[in-house]
Structure formats: structure tokens, C-alpha cells
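Engineer: Here you go, sequence then predicted model.
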Amino acid sequence: MVMANPTLLLQSFFFFFFLLPCLSSCCPEYQKQALLQFKSSIIAIDSSFHTLNSWNSSSSNCCLWDKVTCSSPSNSTSTSSVVIELHLSNLSAPLMPSNLLAPLFFIRSLRVLDLSWNSINGQIPALGFGNLSNLVHLNLSENSIDGQIPAVGFGSLSNLVHLDLSRNFINGQIPALGFGNLSNLVHLDHSQNFINGQIPALGFGNLNNLVHLDLSGNSINGQIPALGFGNLSNLVHLYLSRNFINGQIPALGFGNLSNLVHLDLSRNRFNGSIPLQLFQLKYLQYLDLSFNRLSGELPEEIGNLTKLQRLSLRSNKFSNGIPSSISYLRELEELDLGNNSLSMEIPSDIGNLSNLSSLSLGKNKLTGGVPASMQKLNKLNSLYLEGNLLTGEIPFWLFDFKDLQDLYLQGNNLTWNNNMKIEPKCRLFVLSLRSSGLQGDTPEWISTQTNLTFLDLNMNQLHGPCSLPTALFRSSQLAILALSHNNFSGELPKNIGDAKSLFILMLNGNNFSGHIPQSIYQISSLKLLDLSRNRLSGNIFPVFDPQANLMYADFSSNQFSGEVPTTFPPNINTLALGGNKFSEAMPLNLKKLRNLERLELQDNNISGELPNSLLQISHLRINELIVNWKKYKQGISSHYIGLYFLLDLSNNQLSSEIPAPLGALKALKMLNLSSNKLFVKIPASLGDLQNVEGLDLSHNKLSGPIPFAFTKLQQLTTLDVSNNKLTGRIPVGGQMNTMADQNFYANNSGLCGFQIHVPCPEDLPPAPKLQKHDNKEEPWILQEAVGIGYPIGFLLTIGIIFLAGNFNPSPPSNSRRPRRHHPHRLIRQRI
């Protein structure tokens, strides 16, 4: 008997148990090589890339690699599996050019390709994707892809069901037929790109299977075509928010979307009324038309949308009352009608909306009281009634809602019953009772709200010493505390620094006195601090940590003294110290506040020179800026503000020349150096302040001429140089020709110019020259004139007397005699 060869048996065993199964389950070699080439392209950019460690040449079967899915061959003639899915999202790779995707386009068996959350940049490789005709799911979202949507490319992907291009930098218009061939498309997401132009009339016409369409967050403009999306009868989700679409909402186009569940048209420019067809969409659960220009009345048909769970019509121009039919929307969870012009009373049966968790009716013209039926809203989480005309007492039962977290009641005519003792069952996060008639000490129950992040009690009548509860500052969550314009007095609590999360602290417009607690520097999160208009004093300021986040600090209109403090973090950009008793010289170390954008030191007793360190104050960027200018307030809208730089050092004792380098502050918009003791000439360098709009140098001791360089100030609208010792011609040219208010030049006796209607000496006409005569002829001419003149004058006098006696009627007997003119009076009168 012949013995079997052990080596041959081992080889046979290896073939049947390892190689033979791979013939049917291993991916094709070319697909393996394509994947390896893709990986090596990434490593060529970043050698530290290690996400795809399982992808290596030593592994013969790429179907076992991470993020790769294979399936059995689709036809019986094939002997191997093929790659059908690549889940390559969030590879943590460096910025990848889109041409690195080229190897993947050889894997034509792909049905799912997910490349989301990477750093792919460049244009969409249209021809490459065109090879993937079996593709069903393509996700390129959350990348940096730019360029336009390919006019072709996607057109050959007729099997595509899911296409996600959201959150990229894709621009240009939607191709007229760009998605027309994708007739099997169910999900199309093109949100948050830079698509512009109009919605094509036929661009979505063939997408009859489309269920989800998201074009939000682009720059699409123009009107929606007349038929709109009317052919998309299977559409369930439609998002067009945050674009520039205008015109009316097409009635027929949306009326045919009978399966629609989510409709978001918010933050566009739609106008007109809501088409009634919209209220026939019986499956609608989410309707957001907020931040448009819609107007008219809210129709009673709104009650037909009985499946609505969220309705937002905020920030439109709707008027008249809230329709009573709104109480039919029993499944409603969020109702937002804020910031319109709705009037009349809140519907009395609004309490029937028992599922309501958020109700926003603020910033309207609603009248009456808070309806008692609202007590039934047991699920209420947020209530916004601010900015209306509501009257009556604030109901105590509002604080019985166990789930209530946000309560805004400010800006009404509601009043607080100060005799009412309540024990809230809620744990509030936000409470705003601004201008609500609160009197006396801060209500004790507010101190029990330890979850508060926002507390606004501005503009009440809270008063009394020690009326600011120290418990407020023991909160670990309090971020915004606004107690301005009350009558609080006494010292600030010493534990004010315990509020570690405080972001905004506004205590201005009270009667607080004493020093600023040193513990305030411990609030590293503080960004805005307003202690202005109190009676705080002292000459030592807290020393803030250089790493603190303080950006805005207002200590104006108090009684602080000593040197101008500079103990603020270097990142502070607004510092208001005006209206105090600061004295001595301007600090030289202002330059360490390198990001200072707005500095107010007016109405102090600062003396000495203007330091060159002011040049370290850089550009000012403010969204809304109100400046006091010549006794009136000038508001600068955020729509027009670009770069503003305000420097106000008025009403001090500064005594020096104006530093010439001040002209290097190119961003300066407002410069006020008035009411100081500045002397010598105005530096011509101020003419380099190319953006300056207001310049006040009045009430100083400046001399010499107004620099001709001021004619270069093309933005100048106000110039005041009054009450100085200026001389010479007021410059002519540019905006200086419009600076013609004589009051702004007053008390400068040496000035002249057409702006003040005072001619300059060189403008006066020359005095007439006396004609010279021949001395020999002059006596003869004079003698002849005298000889002829006397006889003629005598004869004329006799003739006039004779004519007057014959032709003048006699005066009546009772008339007064004509008053005789004294010669000296007549002379004086002529003079």
C-alpha cells in the first residue's frame, strides 16, 4: 500500500479550506488595488494618517477591511464578490483635493458611497461619478467642495435614490435639467451651500418619487414658479428656509402637496397672505413661515390643521386678532406668533391646547389680561408674553407649572402684587419681570430659584439698603443678571465673585455706594460689566486676571478718583470711565490694553499731556453705537456701521499740544478733545483721519489757522473749533464747504471765510485811487466853479420858495405844527 505524501495533503487542505473559498468571497484584485491607491494618495499628503490600517497589500481579501462591504456577484458567470458599499465618513484625513477620489471611480459595482465629514475640496468630479451607474446612495455632505453642480455627471446615475450635498461651498445655479434624469430620487439634500439664482421651473418636475427635498441655507432668489413643486405629490419634507425667495406663496403649487408633513419656508422674503390651500394639507405636522413679510389676518381655516405639532409665524406683519379656531389644534406642542402686529385679547380658550410646551406671543399689541384658561397648560415649559399691552396682575398660578423654565413678562402693563406670597413649584432657568411694578426688597422666592441662568428685573422700584440678595451670587449657573434702573442702595455684596458663571452683570442706574468688591475679579467668564450711574467711589480698582474674558466695562457717572485705572485684561475693547473724579496725567501704560476699541474719559479732572500711547488704541467694531454729540443722540444702525472708533477725552484738564501722530488713527470716526487746555496749532496730520465724521476741538487754547488738510476729510459731517484763538481763512474745498454753522467757529476773532460771512482782508476790493490834477489849472477851475455856482444857487432857492408859497395848501387850523429837525440829530441819523 502506497503512503500518501503529507506535503501534498497539506497543500490540498490549504487549497480547499482557504484558497477555494476566496475564489467566491474575495474582492477582485483591481478593486483591491483601487482602494490601496486611494489610501496611498492620502498618506502622500499626511504620512501620519492611520485610519485605514486594515487596508494593506498583505491582506488578500479587501471585503474584510474596515468600512468596506461586499456582496455576492450579481450574475452567475462571476466567480468573486464585489465591493458594493464604502462607508468612508470622518476619516480624520487632512484637506483632500477632490481628484484623490479618482481611484474609487473604477469600482463600478458601488451602490453606496459615503464620503461625508471629510475635508474634500475642489469641484465635484462629474465624469468620475458618472462611471458609478449602479450608485443608489451618495453622501458628500460636510466637506469643502466648491464649484457648480455639474450639468451632466449626475444625470447618468439613474438608480440614485439618496443624494446629499449639504454643508459644502457649492455655488452657481441649479441646472435647469440638473436633476431631471434622477427619476428614482427619494432624498435630495442641497442645504447650506451657496446656490443662487431662481428655482428652475422644470428642475424638479421629473422627480415624482421625491419624498425629502432640502434647499435651505442657500442664496436662492426670485419667486417660486407658478406650479411650484406641485408635481411632487409624494413629497413629505420640504425645506426652503434661509434663502432670498420673494413674492407670494404659490397657492396651487403647495396645495397639491397632499402628503406634506414638514414645510419650512422661514427666513425668506415672501409677502402677501397665506394661501388658504395651505390649510388643506391635513397631514401637516410642522409649519414654519417665520421671518418673512407675510401680512393680513390669520384665517379661521388655520384650525383645519389638526395634526400640527409646531406652528411658527414669528416676525411677519400679521394683524388683528388670533383666530379662536387655533384652539382646535389639540396636538400642538409649540406655538410661536411673536413679533407681529396682532391685537385684541388672547383667545380665552387657548387653555384647550393641553399639549403645548412652548407658547410665544411676545412683541405684539395684545390687550387684556392673561387668560385664566392657561392654568390648564400643565406641560408648559416656556412662556413668552413680553412687549404687549397686557394689563392686570401677574397671575400667581404661573409659578405652579412644574415644568416651567422660561418666563418672559416684561414690557407690558402687568403689575406684581407685592403683598402676594408665593412658593413656586417650578425651577426657572429664565425669568424676566422688567418694568413690572416690583417694589421694596427683592422677593424672597427669587432666591429659591437656584437654576436661574437669566434674571432681568430692570426698571422696577426695588429699593432699600441690603436689598440685593447675596444668595443670587451663590448660584453656579447664573449667567445674566440685569438689575438696572431700580433704587438699590448700600454696598455691593462682597460675595459677588462667587457667581463663577456670570457672563453679563448690569447694575447701572441705582444708588450703590462704596468700593467695588475685590472678589469681582474672580469672575473669569464675565464679558460685560455695567456699574455706571451709581455713587460708587474709591481709588483702587480690582486687578483683573490677564486671561479674563472682560470685553465691555462701564464705570461712568460715579465718584471714582485717583489715577485712571488700567488694571483690566488686555482683551477689553470698551472702557467707559467718564463722569468721575479721575485726576493726574493720562496713564502711559494704556498701550497694554492692546485691543481697546472705545475709550471714554470725558468729564474728569485729567491733566497733563496727551500721551502717544493713544496710538495703541485700534479699530472699533460695534453693532449698535449711540454717541452723545453736541447735545443730541445720534444712533448708528447696524445695517450701515462698518468700522467705528470713538475717542472722547472732553471736559478734562489736558494741557499740551495735540500729538501729530494722532492722525495715524485711520479708523477714527469720532474724536472729541473739547473743553481742555490744549494749545499751539492744530496739527495738519488730523487731515489724514480719512474716516472721521465728527471732530470737536472747541473750548481749548488752540491758535493759528485751521489746517488746509481738513479739505481731505470727505466723511466729515460735524466740525466744532469754537472758543479758541484761531486765525486766518477757513479752508475751502471738500466737506469744508458744508461746515457753515457759525456757532461752531464762534469766539475765534481772527477767523474769516464765506462759512461765517466774514470776508478775509485779501478778499476786500481795493480802495479807490484819488485822481491827480495839474496844480496850475486847479485854482482857476475852482474859482470859475465858485463864480458860476453862487448865482445859480441863489436863483434856484428863490424859485423854490416862490413855488412852495403858491402851490402848497394851507394846513388845517387844528393840525400840529411840523416838528423842527435839529441839525445835529439829522446828521446823526444820516450817519
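Structural biologist: Noted; the coordinates are in hand.
Engineer: quick one, helices of the stretch 101-250 of the chain?
Structural biologist: 126-130 (DSSP state H, counting those that start in this stretch).
Engineer: so where's it uncertain?
Structural biologist: For the stretch 101-250 of the chain, the stretches flagged by pLDDT under 70 are 151-153, 177-178, 202-203, 228.
Engineer: what's the answer for the chain, then?
Structural biologist: 1-24, 73-79, 151-153, 177-178, 202-203, 228, 465-467, 612-645, 767-831.
Engineer: those helices in it, which residues are they?
Structural biologist: Counting by DSSP state H, the chain has helices at residues 6-14, 20-25, 29-45, 126-130, 251-255, 444-447, 778-807, 823-830.
Engineer: how about the third one as PDB, C-alpha atoms only?
Structural biologist: Provided in PDB are the C-alpha atoms of helix 29-45 (Å, rounded to 0.1, in the frame of the first residue of the first chain):
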ATOM      1  CA  GLU A  29      -7.800  42.400  -7.500                       C
ATOM      2  CA  TYR A  30      -8.400  45.600  -9.400                       C
ATOM      3  CA  GLN A  31     -10.900  46.800  -6.700                       C
ATOM      4  CA  LYS A  32      -8.300  46.000  -4.000                       C
ATOM      5  CA  GLN A  33      -5.700  47.900  -5.900                       C
ATOM      6  CA  ALA A  34      -8.000  50.900  -6.400                       C
ATOM      7  CA  LEU A  35      -8.700  51.100  -2.600                       C
ATOM      8  CA  LEU A  36      -5.000  50.800  -1.800                       C
ATOM      9  CA  GLN A  37      -4.200  53.600  -4.300                       C
ATOM     10  CA  PHE A  38      -6.900  55.800  -2.600                       C
ATOM     11  CA  LYS A  39      -5.200  55.200   0.800                       C
ATOM     12  CA  SER A  40      -1.700  55.900  -0.500                       C
ATOM     13  CA  SER A  41      -2.900  59.200  -2.100                       C
ATOM     14  CA  ILE A  42      -4.000  60.300   1.400                       C
ATOM     15  CA  ILE A  43      -0.800  59.200   3.000                       C
ATOM     16  CA  ALA A  44       1.200  61.100   0.400                       C
ATOM     17  CA  ILE A  45      -0.400  64.300   1.900                       C
END
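Engineer: With only the CA atoms kept, save stretch 180-198 in CSV.
Structural biologist: The C-alpha trace of stretch 180-198 is given here as CSV (Å, rounded to 0.1, in the frame of the first residue of the first chain):
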residue,chain,number,x,y,z
GLY,A,180,-34.2,65.7,-14.2
ASN,A,181,-32.9,62.2,-15.0
LEU,A,182,-32.8,61.1,-11.4
SER,A,183,-36.3,59.9,-11.6
ASN,A,184,-35.8,57.4,-8.7
LEU,A,185,-34.5,60.0,-6.3
VAL,A,186,-36.3,59.9,-3.0
HIS,A,187,-34.0,62.1,-0.8
LEU,A,188,-32.2,65.2,-2.1
ASP,A,189,-30.4,67.5,0.4
HIS,A,190,-28.6,70.5,-1.0
SER,A,191,-28.8,72.7,2.1
GLN,A,192,-26.2,75.1,3.4
ASN,A,193,-24.3,75.8,0.3
PHE,A,194,-24.0,79.0,-1.8
ILE,A,195,-26.6,78.1,-4.6
ASN,A,196,-28.1,81.3,-6.1
GLY,A,197,-30.5,82.1,-8.9
GLN,A,198,-34.1,81.0,-9.1
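Engineer: Pull the distance from that stretch to the chain's centre.
Structural biologist: 30 Å (Cα atoms, centre = their mean, to the nearest Å).
Engineer: for stretch 53-62, same thing?
Structural biologist: Distance, centroid of stretch 53-62 to centroid of chain: 53 Å (Cα atoms, centre = their mean).
Engineer: And stretch 143-162, by the same measure?
Structural biologist: For stretch 143-162, the distance to the chain centre is 35 Å (Cα atoms, centre = their mean).
Engineer: Pull out the buried residues from it.
Structural biologist: 143, 145-150, 153-157, 159-162 (16 or more other Cβ atoms under 10 Å). Yep, even glycine has a C-beta here, placed from its N, CA and C like the rest.
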